[in-house]
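Visitor: This is the structure alone, sequence omitted:
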Ligand SMILES: NC(=O)c1ccno1
């Protein structure tokens with residue numbers, strides 16, 4: 001997978017050099033290209049923003065630098081087209097299901113904005129011939145889209161084949177489509193069996209895989225009911241067995 005990121009703060013993406021994503025890049029599973037938007041701002045101050053038409057607070061990012069920057073990225077591979085992802089509080093929710101949709105894409109282009117956002121004509125220009133998604137990582141406003149890009153790149157990159165040590169981990173994730181969709185993962189434990197008077201639940205030491213699976217699902221349902229009751233309401237009743245319904 002190729003990922004391009006255009007930003008006025010490319011240094012913001014240093015975390016993509018470490019941990020799982022860093023190793024995926026070293027192993028050639030993920031190819032990340034960072035671009036400084038100001039390289040396409042040609043005035044002496046390398047200006048990328050201006051006052052909003054119609055008045056109002058803040059500044060809007062100018063269309064010209066963005067248009068030249070996106071054109072330059074697209075020119076990197078004339079035979080392919082990236083899916084463009086615009087991080088914004090005004091976007092569709094970023095979910096595990098959307099992460100799984102993105103991991104199937106060969107090329108993603110992230111366009112994190114600053115200020116009040118990017119002149120709307122930019123994505124109108126590219127939306128006529130490319131897939132352009134406005135995506136939000138949550139109902140809050142950040143100083144810019146860069147942190148949202150880090151979140152999405154990690155959520156998508158960890159799903160790439162070969163990145164997680166055990167592919168099963170992604171299947172058991174909270175929200176993973178299938179058994180765990182709309183469910184939160186339950187509690188996890190490791191050695192020692194007793195720590196400061198807290199013992200690991202006996203069932204987990206039993207070696208009885210069927211009972212352990214049942215216990216884990218019960219705990220997932222309980223945690224979901226406690227922390228995200230609205231997700232329980234969204235559970236497909238067909239996926240609940242008679243034991244689930246008794247909880
Ligand atoms: N909530 C978000 O995804 C976001 C992106 C930029 N600012 O906020």
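Guide: Noted; the coordinates are in hand. What you see is a predicted model; the values in this text were computed from it and never measured.

Visitor: CA atoms for contacts and neighbours, from now on please.
Guide: OK.

Visitor: For my notes, confirm residue 87 occurs in a helix.
Guide: No: using DSSP: H, G, I helix; E, B strand; the rest coil, the assignment for residue 87 is strand, not a helix.

Visitor: so what's it bridging to?
Guide: residue 135 (DSSP bridges).

Visitor: Same question for residue 4.
Guide: residue 33, residue 109.

Visitor: In contact with it, which residues?
Guide: Shown in contact with residue 4 (Cα atoms under 8 Å, 6 or more residues apart in numbering): 32-35, 73, 107-110.

Visitor: likewise residue 241?
Guide: By Cα under 8 Å, 6+ apart, residue 241 has no neighbours at all.

Visitor: Quick check: the gap between it and residue 247.
Guide: 11 Å (Cα to Cα, to the nearest Å).

Visitor: residues in contact with the nearest residue to residue 164 once chain neighbours are set aside?
Guide: Nearest non-adjacent residue to residue 164, counting by Cα to Cα, 6 or more residues apart in numbering: residue 158, 6.1 Å away. Going by Cα under 8 Å, 6+ apart, residue 158 touches 20-21, 164.

Visitor: same thing with residue 214?
Guide: Applying Cα under 8 Å, 6+ apart, no residues contact residue 214.

Visitor: mind redoing it with 10 Å?
Guide: With contact set as Cα atoms under 10 Å, 6 or more residues apart in numbering, residue 214 has these partners: 203, 220, 243-244.

Visitor: Name the secondary structure element that contains it.
Guide: Here residue 214 sits within helix 209-227, counting by DSSP states H and E.

Visitor: Give me the buried positions along that helix.
Guide: Using 16 or more other Cα atoms under 10 Å as the test for burial, helix 209-227 gives 212, 215-225.

Visitor: So which bits of the following helix or strand past it are buried?
Guide: The helix or strand immediately downstream of helix 209-227 is helix 229-234, counting by DSSP H and E. By 16+ other Cα under 10 Å, the buried positions in helix 229-234 come out as 231-232.

Visitor: what helices or strands is helix 229-234 leaning on?
Guide: helix 209-227 (3 or more Cα pairs under 10 Å, 6 or more residues apart in numbering; DSSP states H and E).

Visitor: Distance from the helix it packs on to the middle of the chain?
Guide: 25 Å (Cα atoms, centre = their mean, to the nearest Å).

Visitor: any idea of the mean pLDDT for that helix?
Guide: Averaged across helix 209-227, pLDDT comes to 96.

Visitor: of all of this structure, which residue lies closest to the ligand?
Guide: Residue nearest to the ligand within the chain: residue 136 (3.3 Å; Cα to the nearest ligand atom).

Visitor: Which residue comes closest to the most centrally placed residue in the chain once chain neighbours are left out?
Guide: Nearest residue to the geometric centre of the chain (Cα atoms, centre = their mean): residue 152, 2.2 Å. Spatial nearest neighbour of residue 152, excluding adjacent residues (Cα to Cα, 6+ apart): residue 99 at 7.3 Å.

Visitor: how about the one you found, secondary structure?
Guide: Per three-state DSSP, residue 99 ends up helix.

Visitor: Just give me the neighbour total for it.
Guide: 19 (other Cα atoms under 10 Å).

Visitor: I'd like the distance from stretch 84-101 to the chain centre, please.
Guide: 7 Å.

Visitor: Establish whether it and the ligand are in contact.
Guide: Yes: Stretch 84-101 reaches the ligand (Cα under 6 Å from any ligand atom) through 87-89.
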